[in-house]
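> Got a predicted model here, sequence first, then my questions.
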Amino acid sequence: MKKMNIPLMGALLLVSIVVCPLLYYMVGPKLDDAQMDVLKLLGVIAACSAAFCFFVGEATGNNSQMDKLWSLLPIAYTWIIAVKGGMSTRLVVMAVLATLWGIRLTFNFARKGAYKLKFWEGEEDYRWQIVRTGPAFENRRWAWMLFDLLFISIYQNALVLMTTFPALVAMRSDAPFGWVDWVAAILMFGFILWETIADEQQWAFQTAKWKMIKEGKKLEELPAPYNKGFNTVGLWNRSRHPNYFAEQSIWACFYLFSIGAGMGILNWSVIGALLLVVLFQGSSSLAEEISGGKYPEYEKYCASVPRFFPGKGY
């Protein structure tokens, strides 16, 4: 239950360090001077964010500092790119959609108690506590600090920056806002709505469940479907992680804008969306390992319902 796939995390870092530069030099398009200046600015912001997440996380024992910034940084990055790119229609649409995505995610995290006036406090994602106390890091403080530095702070900040690379490559485009951009915009907005619905269904389920438990009822005494302990209502009846499915799809759609900008079907800015897919494989596996250890019926649920793409109901 408390194991973490450290080799996978190492592979993620290796892919980021090796594959992204290879894609850049082998596939293109190359960045011009203006784009390089913007990338340097965004890199400074990402580096400052990584340093903040590491030092504050280690000082407070709350390793959700990056979780708080995850939804805010893409908003800043895309608007910086849009302004530096002359506020073209494509870049503004991309920035607006990234903002809508960020507002939704920030709200969803805020209502869980993540943000406090004392910014270094707030509710920590429960999964970090499980990972931190697992066999990979138990009684090995130095190992956790290394993981915090390389994966939580540096890698995740780099990944968030990489998800916005399609906007960066679109900066140089003179191509008009066309049908590919319309498809990307409509799909991305649709997946933002999908994720919003999934989060609302999860919030309603968990709120009702915990309300009854706090009133003194045991889990097995709750009415269906709450007695299972996990959500099987609405979108969660067709996908075990409808929110993760939408999140991955959102950034895949964001990449489509680079195609609309005339950068080719495959260009190096796809790296962010690809690495996000890999990240969610590990994240969903950890979440399912936790749920499987708590709820007896969860294994049956996993056997009946697809992990991401909606399919047969439970």
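Received the coordinates, thanks.

> check contacts around Met66.
Each residue near Met66 by Cβ atoms under 8 Å, 6 or more residues apart in numbering is listed here: Ser49, Cys53, Gly57, Ile152, Ser153, Gln156, Asn157. Every residue, glycine included, has its C-beta placed from N, CA and C.

> Dump these to JSON lines, plus pLDDT and secondary structure.
Output for the contacts of Met66, formatted as JSON lines (pLDDT from 0 to 100; DSSP: H, G, I helix; E, B strand; the rest coil):
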{"residue": "Ser49", "pLDDT": "97", "secondary structure": "helix"}
{"residue": "Cys53", "pLDDT": "96", "secondary structure": "helix"}
{"residue": "Gly57", "pLDDT": "93", "secondary structure": "helix"}
{"residue": "Ile152", "pLDDT": "92", "secondary structure": "helix"}
{"residue": "Ser153", "pLDDT": "95", "secondary structure": "helix"}
{"residue": "Gln156", "pLDDT": "94", "secondary structure": "helix"}
{"residue": "Asn157", "pLDDT": "96", "secondary structure": "helix"}
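
> what are the ranges of the helices in the stretch 1-150 of the chain?
With DSSP state H, counting those that start in this stretch as the criterion, the stretch 1-150 of the chain has helices at 6-26, 33-60, 65-70, 73-84, 89-110, 126-132, 141-147.

> wait, which of those helices is closest to Trp179?
helix 89-110 (12.5 Å; Cβ to Cβ).

> what's near enough to touch Met171?
Ala34, Gln35, Val38, Ile81, Lys84, Gly85, Leu91.

> one more time with 10 Å
31-32, 34-35, 38-39, 81-82, 84-86, 88, 90-91, 261 (Cβ atoms under 10 Å, 6 or more residues apart in numbering).

> what do you get for Leu235?
Leu235 neighbours (Cβ under 10 Å, 6+ apart): 194-195, 197-202, 241-243, 245-246, 310.

> same deal with Glu297?
Pro225, Asn227, Lys228, Gly229, Phe230, Thr232, Ser291, Tyr314.

> So which of those residues are in helices?
Ser291 (DSSP state H).

> Just the closest of the contacts of Glu297 to Arg127, please.
Ser291 (11.2 Å).

> can you count the residues close to that closest one?
17 (other Cβ atoms under 10 Å).

> Surely it and Ile130 touch.
No - if you go by Cβ atoms under 10 Å, Ser291 and Ile130 don't touch, sitting 11.5 Å apart.

> for the closest residue to Thr164 other than its chain neighbours, what are its contacts?
Leaving aside its sequence neighbours, Thr164 sits nearest to Tyr77 (Cβ to Cβ, 6 or more residues apart in numbering; 4.4 Å). Contact partners of Tyr77, counting by Cβ under 10 Å, 6+ apart, are 38, 41-42, 45-46, 95, 98, 160-161, 163-165, 167-168.
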